[in-house]
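The sequence isn't on hand, but the structure is:
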């Protein structure tokens, strides 16, 4: 199975800050990567797919980059509503696997 | 949107069936993926089903314990999990698939939207 490792596991930042989350795959996954946002007690929400494509309706504050084994999710200007846990997910091979999550908190 | 069935409590060794009713789109045109999340834990992919032809792909670790089905007349997908243990306690999500790939099995690459989740508790 492909292991997805996210870092950091948590981050605390101020409103307006730029926040970057990293996801590393244990083997190359091309651009078959998605990012999800999950708020407490809610289902995950797709933000980015194919490593860098913004899902319809998602704020342009969110952007994704990377290919192969290293990927990043960037929130360009952190807003209060961005407080959540973020997960990466590889779609290159079965079984599909998720990263362990990164909790983003507002200072 | 996807609306899931309510919470369930089962004893170890029992079975549970979770349903997921779709609306607002052509049900047979998109795969349904099942994902679970144990309390305080991350996300685990369980499998995929095509409502178009009922082709399924399951996580190997669940092989033999899980059955995924669809009822296109009711726009509903269901997942039954048997021989439950405490490790199966989790919130179970269904999600509509985005883009499909067949490599070692067919599956949806990405998932959007998701159902609200169904809590399954396994306890004696």
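Thanks, I have the structure now. Source: prediction; values computed, not measured. Residues are numbered from 1 along each chain as shown, chains lettered A, B, ... in the order given.

Report the central residue of chain B.
Taking CA atoms, centre = their mean, the centroid of chain B lies closest to residue B:34, which sits 2.9 Å from it.

can I assume it is in contact with residue B:81?
No. Assessed by CB atoms under 8 Å, residue B:34 is found out of contact with residue B:81, at 9.5 Å. Heads up, the C-betas are built off the backbone N, CA and C, glycines and all.

Run through the residues that contact residue A:77.
The contact partners of residue A:77, by CB atoms under 8 Å, 6 or more residues apart in numbering or on different chains, come to A:16-18, A:61.

Mark which of those are buried, thanks.
In the contacts of residue A:77, burial by neighbour count holds for residue A:61, counting by 16 or more other CB atoms under 10 Å in any protein chain shown.

Could you save the contacts of residue A:77 as CSV and add columns showing pLDDT, distance to chain B and secondary structure?
Listed next are these as CSV, based on pLDDT from 0 to 100; distance: CB to the nearest CB, whole Å; DSSP: H, G, I helix; E, B strand; the rest coil:
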residue, pLDDT, distance to chain B, secondary structure
A:16, 97, 28, coil
A:17, 98, 25, coil
A:18, 98, 25, coil
A:61, 98, 18, coil
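
and which of the contacts of residue A:77 is nearest to residue B:91?
Nearest to residue B:91 out of the contacts of residue A:77 is residue A:61 (CB to CB; 27.6 Å).

unless I'm mixing things up, that closest one is touching residue A:73, no?
No. Residue A:61 is beyond contact range of residue A:73, at 10.8 Å (criterion: CB under 8 Å).

Could I get the pLDDT score of residue 40?
Chain wasn't specified; assuming chain A. For residue A:40, the model assigns a pLDDT of 96.

Please refer instead to chain B.
Per-residue confidence for residue B:40 comes out at a pLDDT of 93.

Now do the phi/psi pair for it.
Main-chain torsions, residue B:40, degrees, to the nearest 10: phi 70, psi 10.

if we can go back for a sec, quick one: the closest residue to the residue nearest to the centre of chain B other than its chain neighbours and residue A:1, what's the gap?
Distances taken as CB to CB, 6 or more residues apart in numbering or on different chains put residue B:46 closest to residue B:34, at 4.2 Å, once the chain neighbours are dropped. Going from residue B:46 to residue A:1 by CB to CB, to the nearest Å gives 14 Å.

near chain B, which residues of chain A?
Chain A comes close to chain B at residues A:32, A:34, A:36, A:42-46, A:49-50, A:55, A:87, A:89, A:91, A:93-101, as judged by CB under 8 Å from any CB of the partner chain.
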